[in-house]
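Undergrad: structure here, sequence nowhere to be found:
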C-alpha cells in the first residue's frame, strides 16, 4: 500500500475530465440558484410579508392621491360650471356619469344595515358552524334586494357597490371590490326609506331567515346616509362603445 | 498526490467558470441537477479511493460516473411523478457512500504515511 500499483497516467486524465464535467454541473447549479434568488420564486416568507406591507402602504398613499386629485378636479369643474352654455352642460353631464359610475361619494336618505354572526352557540342546535356565520351569498342576496327595492347607491363596509363589484368568498374571508372585509357587515343604501325597509323585512327574505337563526340584524332608517366613492374606477379594457347603429 | 490532483482541481474551476457564461437552467430542474452533482461527487470520491486501493479502472470509473448521475436524477424525477420522495433515498444513499469513501481515503492516506515513516527509519535499524 506504500505506493499504488502503476495503472498509467490515464487515471489523472480520466479524473480531470470528470472534474471538468462536475465543475460545469456545479456552475450550472450555482448559476441557477443565483438567477432564482433574483426572481420572486425563491424569496423567503418574511421578505414576502415585508413586500406585502410595503405594497399596502403604497395602495394607501395612492388612494389618498386619488382623493386629492378628485377634489382638485371637482374644483376645476365648479369653475367650469359657473360659466354658461355648453361648458356647463358638459360638466353637468360629466357629474351625472360620475355618480352613475360610483366615483363620487353620495349622500341622501336611506337605510343602514348592520349584520353580525349568530349568537346561537354551536352545539346548542342542529347543524355545524357554517350555519351560524354570514356567507358571501347572504350579502349578495341583500345587495340584490336593495337594488331591487330601488336603492340608488349602496356600500358594504365602506366599499361602494358599482357595476362589476363582486362579493366573493375566499376561505373564511369575504372580499368585495377585491378588498377583504369581515364582520360586522354594514350596508349603507340611499333610496326611498320605506321601500328599502319593507323590501328587506319581507317575509322569508334574507333578513327574516337570518333573524330566525339568531343572527345580529340591525336595520335602521336614516335621514342621511353617506355612501363613499369607489377607490378605483372600473376600467374598460375589452368593452368598447358600440355607437355605429345610433349615428345617422 | 497533491501535485497530481492540481490538474483535476484546475479542471473543476475551469468548468465552474465556463458555465457561468451560459444561460441558467429552468429552476424546476435545480433539484435534479443537485442530485446529479451528489452522484458525481460520489463517483469522484469512489474513484480516488479505488486509485488508492490500487484497483482503479478508467472504464468503470467513467461509465459509473455518468450512469450514476443520470440514474440519480432519473430516480428522483420518477419519484416526483409517482408521488414518492425517492430523492430522499438517493440523497441518503449517496451521502452515506461519500462519507464512507472519504473515511476510507483518510485511513489509507494515514496508513501510507505511517508505513513511509517506518520504512525511512528501517534501514538504519537493520
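TA: Yep, it's here. Quick caveat: nothing in here was measured; it's all calculated off a predicted structure.

Undergrad: phi, psi for residue A:179 please.
TA: Per-residue torsions, residue A:179: phi -110, psi 130 (degrees, to the nearest 10).

Undergrad: please apply the same query to residue A:87.
TA: According to degrees, to the nearest 10, residue A:87 has phi -60, psi -40.

Undergrad: which pLDDT value belongs to the residue of chain A found nearest chain B?
TA: Minimum separation of chain A from chain B (CB to the nearest CB) falls at residue A:23, amounting to 2.8 Å. No exception for glycine: its C-beta is placed from N, CA and C like everyone else's. Listed pLDDT for residue A:23 reads 89.

Undergrad: ignoring the adjacent residues along the chain, who's closest to it?
TA: residue B:15 (2.8 Å; CB to CB, 6 or more residues apart in numbering or on different chains).

Undergrad: neighbours of the one you found, how many?
TA: If you count neighbours by other CB atoms under 10 Å in any protein chain shown, residue B:15 ends up with 21.

Undergrad: how close does it sit to residue A:25?
TA: 8 Å (CB to CB, to the nearest Å).

Undergrad: returning to that earlier point: pLDDT score for the residue nearest to residue A:23?
TA: At residue B:15, the model reports a pLDDT of 86.

Undergrad: now do residue B:38
TA: 91.

Undergrad: surely it and residue B:95 touch.
TA: Yes. Contact criterion CB atoms under 8 Å: residue B:38 and residue B:95 qualify, at 7.2 Å.

Undergrad: what segments of chain A are helices?
TA: A:10-38, A:45-82, A:86-101, A:136-148, A:193-200, A:206-212 (DSSP state H).

Undergrad: tabulate those helices in JSON lines, adding columns for distance to residue B:34 and mean neighbour count.
TA: As requested, the helices of chain A are arranged in JSON lines below (distance: least, CB to CB, whole Å; neighbours: other CB atoms under 10 Å in any protein chain shown):
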{"stretch": "helix A:10-38", "distance to residue B:34": "6", "mean neighbour count": "19"}
{"stretch": "helix A:45-82", "distance to residue B:34": "22", "mean neighbour count": "11"}
{"stretch": "helix A:86-101", "distance to residue B:34": "54", "mean neighbour count": "13"}
{"stretch": "helix A:136-148", "distance to residue B:34": "44", "mean neighbour count": "18"}
{"stretch": "helix A:193-200", "distance to residue B:34": "62", "mean neighbour count": "18"}
{"stretch": "helix A:206-212", "distance to residue B:34": "56", "mean neighbour count": "16"}
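
Undergrad: so for residue B:60, which of the ones you listed sits nearest?
TA: Of all the helices of chain A, it is helix A:10-38 that lies closest to residue B:60, at 10.1 Å by CB to CB.
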